[in-house]
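Engineer: Sequence and predicted structure are below.
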Amino acid sequence: MIDTNETLLDRLKSVDAHDAWQEFYNDYWAAILRYTRKLGLSAHQGEEVLQETMLALMRVLPKFAYDRSKGKFRNFLLTIVHRKSLTAIRRGKGMPDVSLDLDDPWGRGILHDLVPAPVNEAQEREATVRWRESLVEVALLRLREDPGIEARSWQIFQAYVIENQAAGAVAAEYGVQLNAVYQIKNRLLRRLRADIARLTRNSGTLD
């Protein structure tokens, strides 16, 4: 039984972490690719960032020991993805990779071979917004593709919640009671929010 306070990143540190790594990949490969596209990277560059992020995590997590006094854990995964993306941008421009031992608040050299992350609060906020948008997009895709959700329920949810159509118009279009529209909205929103919260928590993007 996994402790409910134990994040997926914590589980990746264990000796026998194959299932955790598979879960991590299944949860975040699409979000990482979407994040890179938001930065203007090509599909090929995004795949490289995904692979390099996985390799970096496999390298650093077994030795990682979180010390809250040295910084916030919430940006751990985002920092790696963002720095790897910046490295890919530099390569795409024909610029040499940067290898720096930066001011590493974790004290374990996990930022070695990674270019500088956002240098001010505005850039950090922008990076966080891009990452959370990516998580929301992935959660929506997973909800849409969930075999346990009827196609019509998704269509009603999409029309009312995502496309912001009037509830009455949606009810009339799909031949359901107005209350059914509200029930579908509430039921799917609960599932969507729960998945987003889990992805956010497990990716280390909560304080």
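Structural biologist: Perfect, I can see it now. Here the structure is a predicted model, which means the values were calculated and not measured. Numbers count the residues shown, from 1 in each chain.
Engineer: Give the buried residues for the helix or strand encompassing Ile80.
Structural biologist: Using DSSP states H and E, Ile80 falls within helix 76-92. Neighbour counts over helix 76-92 (16 or more other CB atoms under 10 Å) mark 76-89 as buried. To be clear about C-beta, it is placed using only N, CA and C from the backbone, and glycine gets the same treatment.
Engineer: isn't Leu188 right next to Phe157, touching?
Structural biologist: Yes - using CB atoms under 8 Å as the test, Leu188 is close enough to Phe157 to be in contact (4.7 Å).
Engineer: Report the set of residues contacting both of these two.
Structural biologist: Shared contacts of Leu188 and Phe157 (CB atoms under 8 Å, 6 or more residues apart in numbering): none.
Engineer: mind showing which ranges of this structure have poor pLDDT?
Structural biologist: 1-7, 64-75, 94-120, 204-207 (pLDDT under 70).
Engineer: Spatially central residue in it, please.
Structural biologist: Leu135 (4.2 Å; CA atoms, centre = their mean).
Engineer: can you pull out the helices in the protein?
Structural biologist: Counting by DSSP state H, the chain has helices at residues 8-11, 18-38, 43-60, 76-92, 121-145, 151-157, 167-174, 178-202.
Engineer: Packed most tightly, which of these would that be?
Structural biologist: helix 76-92 (a mean of 21; mean count of other CB atoms under 10 Å).
Engineer: can I get the CA coordinates of it in PDB?
Structural biologist: Provided in PDB are the C-alpha atoms of helix 76-92 (Å, rounded to 0.1, in the frame of the first residue of the first chain):
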ATOM      1  CA  PHE A  76      11.700  20.000  -9.600                       C
ATOM      2  CA  LEU A  77      10.300  18.300 -12.700                       C
ATOM      3  CA  LEU A  78       9.300  21.500 -14.400                       C
ATOM      4  CA  THR A  79      12.900  22.800 -13.900                       C
ATOM      5  CA  ILE A  80      14.300  19.700 -15.700                       C
ATOM      6  CA  VAL A  81      11.800  19.900 -18.500                       C
ATOM      7  CA  HIS A  82      12.300  23.600 -19.000                       C
ATOM      8  CA  ARG A  83      16.100  23.500 -19.000                       C
ATOM      9  CA  LYS A  84      16.200  20.500 -21.400                       C
ATOM     10  CA  SER A  85      13.900  22.500 -23.700                       C
ATOM     11  CA  LEU A  86      16.200  25.500 -23.600                       C
ATOM     12  CA  THR A  87      19.100  23.300 -24.400                       C
ATOM     13  CA  ALA A  88      17.200  22.000 -27.400                       C
ATOM     14  CA  ILE A  89      16.500  25.500 -28.500                       C
ATOM     15  CA  ARG A  90      20.200  26.300 -28.300                       C
ATOM     16  CA  ARG A  91      21.100  23.300 -30.400                       C
ATOM     17  CA  GLY A  92      18.400  24.200 -33.000                       C
END
